[in-house]
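S.K.: here is the input, now give the coordinates:
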Amino acid sequence: MNDVPEDRVPTTPRGKHQIDILGFPMDLGADRRGVGMGPSALRIAGIRRRLVDLGYQVRDLGDIPVEIPESQTISNPRLKFLDEVVDKSGLLASAVLDSLDRGHFPLAMGGDHTVSIGSLAAQSAHCRARGLRPGVLWIDAHADMNDEQTTPSGNIHGMALAVSLGFGEERLTRLLGFSPKLEPEHAFLVGVRSIDQDERKLIRRAGLTVRTMADIDRRGAASVIEEILESLTRDVDAIHVTLDVDAVDPSLAQGVGTPVAGGLTYREAHLIMETIAGCGKLSGLDVAEINPTLDNRNRTAVLTAELVSSCLGKRIL
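M.R.: Presented below is the predicted three-dimensional model:
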């Protein structure tokens, strides 16, 4: 792509003008098939063109190859498809780390929420090598804080945040050779409205900060996200955002893996992403759980592409 005119170069994220798109078509972390088509749905929704129109240089690096479940066996029903999730998460982590080390901004497109196991491992490794402190803003209807003992399903997408905090199966927690990837005081969970009973115990044990939809109802999205970003920008050097699209209400985003009623409105979701764009420390972004088989004319992917654009600097005026 030709050089971008100076007046069109975005100031976010963290001054990085090159975005690397990485597809992670993983649907082994969940029971319901279909989210593996999420990266394709986002490409059809014009994700690359939207970012180019914002003034970014964009490379689409294609997809991490993932084996279909029919070609595999489940050796441990409490950690379904563990071998493949570990293997492909490692490939994604290597690709994201390469992007970061080149000074680029990685956009990882799931697939299910296991996408964040690899991308957060890479963010943490990149920061670790430079003496920086990573943080995460995890936007999700679910807590993703189960482990092998607490999981009601054995689905690893429900363990992704716990893994990043060092809880759970060692092959997952020690991806790239170290654990934890994050300190609990640098992790914020937002938009939650469905938490398993045993997840509550681990959340309290970890000391994780959670802002539920009830908090957003009472205080408003602006107050909640501004409070979180004030803390993150003060205490960390690099902020990774991971968006499970089921954080948005299913009346707007019906094509998701695990819909839960009572989610973010259209404007609440955009306001959160627009506010993140201005924080000055955004270092990477994941989007997860788009399921085109449950969607209507790819509307959920289009909405997600719009939200990504807002997170990366698009404004109404």
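
S.K.: make it CA atoms for all contacts and neighbour counts henceforth
M.R.: Noted.

S.K.: the nearest residue to Asp27 once chain neighbours are set aside: how many residues sit nearby?
M.R.: With CA to CA, 6 or more residues apart in numbering as the criterion, Asp27 has its nearest non-adjacent residue at 4.8 Å, and that residue is Gly36. Number of residues near Gly36 (other CA atoms under 10 Å) recorded here: 25.

S.K.: ok, Gly36 touching Gly110?
M.R.: Yes: the criterion here is CA atoms under 8 Å, and Gly36 meets it with Gly110 at 6.9 Å.

S.K.: what do those two both touch?
M.R.: Residues touching both Gly36 and Gly110 (CA atoms under 8 Å, 6 or more residues apart in numbering): Phe24, Pro25, Met26.

S.K.: which stretches in the stretch 51-200 of the chain count as helices?
M.R.: 82-101, 115-128, 160-164, 170-173, 197-206 (DSSP state H, counting those that start in this stretch).

S.K.: to Arg315, which of the ones you listed lies closest?
M.R.: Smallest distance to Arg315 across these (CA to CA): 25.5 Å, for helix 82-101.

S.K.: what's the angle between that closest one and helix 115-128?
M.R.: Interaxial angle of helix 82-101 relative to helix 115-128 (axes from the mean of the first three to the mean of the last three CA atoms, to 10 degrees): 40 degrees.

S.K.: hang on, the earlier thing: determine which stretch of the helices of the stretch 51-200 of the chain is the most buried.
M.R.: helix 160-164 (a mean of 28; mean count of other CA atoms under 10 Å).

S.K.: export that helix as CSV, just CAs?
M.R.: What follows is helix 160-164 as a C-alpha-only set of coordinates in CSV (Å, rounded to 0.1, in the frame of the first residue of the first chain):
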residue,chain,number,x,y,z
ALA,A,160,-9.3,-18.6,28.5
LEU,A,161,-9.1,-15.8,31.0
ALA,A,162,-8.3,-18.2,33.9
VAL,A,163,-5.5,-19.7,31.8
SER,A,164,-4.0,-16.2,31.1
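
S.K.: work out the gap between it and the centre of the chain.
M.R.: 12 Å (CA atoms, centre = their mean, to the nearest Å).

S.K.: contacts for it, please.
M.R.: Contacts for helix 160-164 (CA under 8 Å, 6+ apart): 113-114, 116-117, 120-121, 143-147, 168-169, 172-173, 179-182.

S.K.: repeat that with 7 Å
M.R.: Here helix 160-164 makes contact (CA atoms under 7 Å, 6 or more residues apart in numbering) with 113-114, 116-117, 120, 144-147, 168, 172-173, 180-182.

S.K.: what do you get for stretch 283-300?
M.R.: Stretch 283-300 has contacts (CA under 7 Å, 6+ apart) with 13-14, 34-35, 37-38, 41, 105-113, 116, 238-245, 253-257, 301.

S.K.: same thing but at 8 Å, please
M.R.: Applying CA under 8 Å, 6+ apart, the contact partners of stretch 283-300 are 13-14, 34-38, 41, 45, 105-113, 115-116, 119, 123, 238-246, 252-258, 301, 304.

S.K.: what about the strands in the stretch 1-150 of the chain?
M.R.: Remark: strands assigned in the stretch 1-150 of the chain by DSSP state E, counting those that start in this stretch are 18-24, 57-63, 105-110, 134-139.
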